[in-house]
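Trainee: Mind looking at a prediction? Sequence and model below.
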Amino acid sequence: MTKKIELITDAEWEIMRVVWTKNETTSTEVIEILEEKMAWKPSTVKTLLTRLVTKGYLETRKEGKQFIYYAVVSEQKAIKSAGNELLDKICDRKVGGMLVEMIERKPLSLSDIEALEALLKEKKQTAPEIVPCNCIPGQCRC
Ligand SMILES: [Zn+2]
């Protein structure tokens, strides 16, 4: 079983996306990149970086006067974990509808679509008429 990683907030995601893109970064660089988009104070960025180190997403080493930050959780792992978290919150019977809505909303490449088609074709072979509800009584109308 893989260790469950701690979830990160929307603000922490903004920081992680910079770190994943840059591989290694400094608070100065993060502040520069997110300046326009987020309008955070430098102290906010520093707090978020520290929190991400505590959460186990980043590690840091000192180079001269500067701290270099680098990711120890991959972007792929974080995306998967955030997706699983969402899926675990909702009734299994409602997942299909949510996925349809998500697919409607976002652009997909031809290869994404081909992968989805292949997967759906396979799933169709064993698909139930109705997906069983996995909720406790009182949390769902299924
Ligand atoms: Zn349910």
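Mentor: Received the coordinates, thanks.

Trainee: only C-alpha atoms for contact and neighbour calcs from this point on.
Mentor: OK.

Trainee: in what helix or strand does the most centrally placed residue in the chain lie?
Mentor: Central residue of the chain (Cα atoms, centre = their mean): residue 79, 3.2 Å from the mean position. According to DSSP states H and E, residue 79 maps onto helix 75-89.

Trainee: Following the chain onward from that helix, which element is next?
Mentor: Moving toward the C-terminus from helix 75-89, the next helix or strand (DSSP H and E) is helix 92-105.

Trainee: Just the mean pLDDT for the helix or strand following that next one, thanks.
Mentor: Sequence-wise, the next helix or strand downstream of helix 92-105 (DSSP H and E) is helix 110-126. Averaging pLDDT along helix 110-126 yields 98.

Trainee: tell me the angle helix 110-126 makes with helix 92-105.
Mentor: Angle, helix 110-126 to helix 92-105, by axes from the mean of the first three to the mean of the last three Cα atoms, to 10 degrees: 150 degrees.

Trainee: Show me how far helix 110-126 is from its chain's centre.
Mentor: The chain centroid and the centroid of helix 110-126 are separated by 23 Å, computed with Cα atoms, centre = their mean, to the nearest Å.

Trainee: how many other residues sit next to residue 82?
Mentor: 16 (other Cα atoms under 10 Å).

Trainee: For it, which non-adjacent residue is spatially closest?
Mentor: Once flanking residues are discounted, residue 82 sits nearest to residue 7: 7.1 Å by Cα to Cα, 6 or more residues apart in numbering.

Trainee: For the helix holding residue 79, which residues meet the burial criterion?
Mentor: Buried residues in helix 75-89, counted by 16 or more other Cα atoms under 10 Å: 75, 78, 81, 82.

Trainee: just to revisit the earlier point, and the residue nearest to the centre of the chain, what does it touch?
Mentor: By Cα atoms under 8 Å, 6 or more residues apart in numbering, the contact list for residue 79 is empty.

Trainee: just residue 6 next, same as before
Mentor: Applying Cα under 8 Å, 6+ apart, we find residue 6 in contact with 55, 56.

Trainee: Could you measure from it over to the ion?
Mentor: Using Cα to the ion, to the nearest Å, residue 6 is found at 26 Å from the ion.
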